[in-house]
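1. Provided below for reference: sequence and predicted model.
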Amino acid sequence: NSYLNHGGKELCGRRNREGLQFRTVAPSKSNVLARQQKHAHLPCTIHVFRNGDLLSPPFPLPLSKNTSLQWDALLATLTEKADLRSGAVNKLCRLDGTQVSGGEELVNGDYYVAVGNEEYKRLPYFELLVPQDSPCRTLWY
């Protein structure tokens, strides 16, 4: 929740600053980059299921934007945390089975499935492993 509030403050501050610019010149590229980089450092947390495992609940994986931008480092962290029977985590999939190809696609608070060498197993992870009364669950419906 504080993540959302922080984002709101960020946007308001940005809008005010832009409103105060009296020049009609478009902001320089460096300003735009600085703004994107500032936004890029917001921490977020994703929740990760293990492929084919309907006994273990999803584990939270806090990400700094730096981690999520270094995809190999992210997969290495996932490998450590997920401890898949099949070994290393080779890919991360959304619950519908589509593969995530980079950290910039990850969404704060979303659920993903860590997949090793095997195929993604389409199972009711969320329905079976996230309690009905979980605060995360209410965000989904």
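-> Now that the structure is in, tell me what you want to look at.

2. Which strand in the chain has the most residues?
-> If you go by DSSP state E, the chain has its longest strand at strand 44-50.

3. what lines up beside that strand in the sheet?
-> Take DSSP bridges as the rule and strand 44-50 pairs in its sheet with strand 59-63 (antiparallel), strand 111-115 (parallel).

4. C-alpha coordinates for the helix or strand residue 127 falls within, PDB please?
-> Assessed by DSSP states H and E, residue 127 sits inside helix 125-129. Taking C-alpha atoms only, helix 125-129 is exported to PDB below (Å, rounded to 0.1, in the frame of the first residue of the first chain):
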ATOM      1  CA  TYR A 125      -1.700 -22.300  -8.600                       C
ATOM      2  CA  PHE A 126      -3.400 -19.200  -7.500                       C
ATOM      3  CA  GLU A 127      -6.800 -20.800  -6.700                       C
ATOM      4  CA  LEU A 128      -5.200 -23.600  -4.700                       C
ATOM      5  CA  LEU A 129      -2.300 -21.800  -2.900                       C
END
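
5. Use 59 as the first number for this chain going forward.
-> Done: numbering now begins at 59, and the last item shifts to helix 183-187.

6. name the helices or strands packed onto it?
-> Helices and strands touching helix 183-187, by 3 or more CB pairs under 8 Å, 6 or more residues apart in numbering; DSSP states H and E, are strand 102-108, strand 169-173. The way it works is simple: take the backbone N, C-alpha and C, and place the C-beta from them, glycine included.

7. residues in contact with that helix?
-> 107, 112, 114, 115, 116, 153, 169, 171, 198 (CB atoms under 8 Å, 6 or more residues apart in numbering).

8. Just the mean pLDDT for stretch 123-130, thanks.
-> The pLDDT scores in stretch 123-130 average 78.

9. How about stretch 177-191?
-> Stretch 177-191 carries an average pLDDT of 89.

10. Just the buried positions in that stretch, please.
-> 178, 179, 181, 183, 184, 187, 188 (16 or more other CB atoms under 10 Å).

11. Considering these, which is situated nearest to residue 144?
-> residue 179 (10.9 Å; CB to CB).

12. if I pick residue 161, what's in contact with it?
-> Taking CB under 8 Å, 6+ apart, we find residue 161 in contact with 121, 123, 125, 126, 127, 128, 129, 132.
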